[in-house]
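Engineer: Need a 3D model of the following:
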Amino acid sequence: MKNGSAAPHPAADIGTPKTHSATAKLHALNPDIIITPHTHQVTAETLTSLLTDYDYDFAIDATDSHQSRQLINRAAHATQTPYIFAGVHRLTGMAMTILPYHTACYDCAFGHHNKCDFAAHATENTENIKNAENVKSIEIVKPTDTGPLDGTSILNAATGLNALGATPGILGVTSGLLGTLQAAEAIKYLLGHGDLLTNRLLTINLATMTFRHLTVRRHPQCPTCRSR
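Structural biologist: Residues are numbered from 1 along each chain as shown. You can find the predicted model right below:
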């Protein structure tokens with residue numbers, strides 16, 4: 001489940017739903033795989049219907065807003081569908097695997113906030129889960145002739161932070177890394193092999209090459225999973 005904001009979408013595909021664009025690319029790599037694209041607005045009803053009708057074994061949440069993640073978390077619990085969520089912000093990111101009613105869920109960690117904070121977890125602030133900017137899609141900004149560029153200027157340009165005050169987005173390598181971690185978790189779950197990323201939030205900071213785990217416990221007043 002994703003909106004594809006960080007996925008490669010060539011200029012030739014502009015105007016084509018990203019679900020269909022991604023399907024075509026995957027079929028080009030392997031024409032034997034079976035893909036069923038779903039192009040829907042993310043709502044509680046559509047999510048619950050998809051997870052119920054297709055009886056997926058595992059879901060991957062690659063959406064880019066707190067509200068979408070909450071909807072997916074609640075639909076996954078309503079259908080008891082295991083899944084992993086991840087999010088990125090510039091050079092930082094986080095991920096956690098959720099087994100409905102058995103492990104801490106997204107709302108246990110973030111349910112009492114309006115947004116989830118990528119930067120706070122990937123830096124030194126680990127005491128609380130706080131609020132930050134929602135993830136924005138990447139926008140490449142061409143450098144201007146204002147002088148030589150340093151590393152910070154290049155990073156700002158690559159993530160859409162410019163003189164006009166645009167909200168910084170993400171760097172492709174960050175989303176690529178988090179997506180690979182999500183794929184690894186899905187494979188491990190399906191094979192029943194290894195230790196899943198449950199009850200712990202993995203945070204990464206590629207600027208400092210720091211990978212850490214934060215313990216997340218089921219919240220007794222969680223609005224989603226407290227009923228069991």
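Engineer: mind listing what's buried in stretch 69-89?
Structural biologist: Neighbour-count burial for stretch 69-89, counted by 16 or more other C-beta atoms under 10 Å, picks out 69-77, 79, 81-89. (C-beta placed from N, C-alpha, C; glycine too.)
Engineer: Which ones among those map onto helices?
Structural biologist: If you go by DSSP state H, the buried residues of stretch 69-89 have 69, 70, 71, 72, 73, 74, 75, 76, 77, 79 in helices.
Engineer: now, among those, which is nearest to residue 95?
Structural biologist: When these are ranked by distance to residue 95 (C-beta to C-beta), residue 69 comes first, at 11.6 Å.
Engineer: I'd guessed that closest one sits against residue 62; true?
Structural biologist: No - assessed by C-beta atoms under 8 Å, residue 69 is found out of contact with residue 62, at 10.0 Å.
Engineer: Between the two ends of stretch 76-91, what distance do you get?
Structural biologist: In terms of C-alpha to C-alpha, to the nearest Å, the two terminal residues of stretch 76-91 are separated by 28 Å.
Engineer: Please state the offset of it from the chain centre?
Structural biologist: Taking C-alpha atoms, centre = their mean, to the nearest Å, one finds stretch 76-91 lying 7 Å from the centre of the chain it belongs to.
Engineer: Please write out the alpha-carbon positions of the longest helix along the chain in PDB.
Structural biologist: In the chain, assigned by DSSP H, the helix with the most residues is helix 172-191. Output of helix 172-191 as PDB, limited to C-alpha atoms (Å, rounded to 0.1, in the frame of the first residue of the first chain):
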ATOM      1  CA  GLY A 172      16.000   8.400  -2.900                       C
ATOM      2  CA  VAL A 173      18.700   6.400  -1.200                       C
ATOM      3  CA  THR A 174      16.800   6.700   2.100                       C
ATOM      4  CA  SER A 175      13.500   5.400   0.700                       C
ATOM      5  CA  GLY A 176      15.400   2.700  -1.100                       C
ATOM      6  CA  LEU A 177      17.000   1.400   2.100                       C
ATOM      7  CA  LEU A 178      13.700   1.500   4.100                       C
ATOM      8  CA  GLY A 179      11.900  -0.300   1.200                       C
ATOM      9  CA  THR A 180      14.600  -3.000   1.200                       C
ATOM     10  CA  LEU A 181      14.200  -3.500   5.000                       C
ATOM     11  CA  GLN A 182      10.400  -3.800   4.600                       C
ATOM     12  CA  ALA A 183      10.900  -6.400   1.800                       C
ATOM     13  CA  ALA A 184      13.300  -8.300   4.100                       C
ATOM     14  CA  GLU A 185      10.700  -8.300   6.900                       C
ATOM     15  CA  ALA A 186       8.000  -9.600   4.600                       C
ATOM     16  CA  ILE A 187      10.100 -12.400   3.300                       C
ATOM     17  CA  LYS A 188      11.100 -13.400   6.900                       C
ATOM     18  CA  TYR A 189       7.500 -13.400   8.000                       C
ATOM     19  CA  LEU A 190       6.400 -15.500   5.100                       C
ATOM     20  CA  LEU A 191       9.200 -18.000   5.600                       C
END
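Engineer: Buried residues, it. List them.
Structural biologist: Buried residues in helix 172-191, counting neighbours by 16+ other C-beta under 10 Å, are found at 172, 174, 175, 177, 178, 179, 181, 182, 185, 186, 188, 189.
Engineer: Nearest to residue 94 among the ones in helices among the buried residues of stretch 69-89?
Structural biologist: residue 69 (11.0 Å).
Engineer: if we can go back for a sec, other SSEs contacting the longest helix of the chain?
Structural biologist: Applying 3 or more C-beta pairs under 8 Å, 6 or more residues apart in numbering; DSSP states H and E, one finds that helix 172-191 makes contact with strand 59-61, strand 83-89, strand 92-98, strand 200-205.
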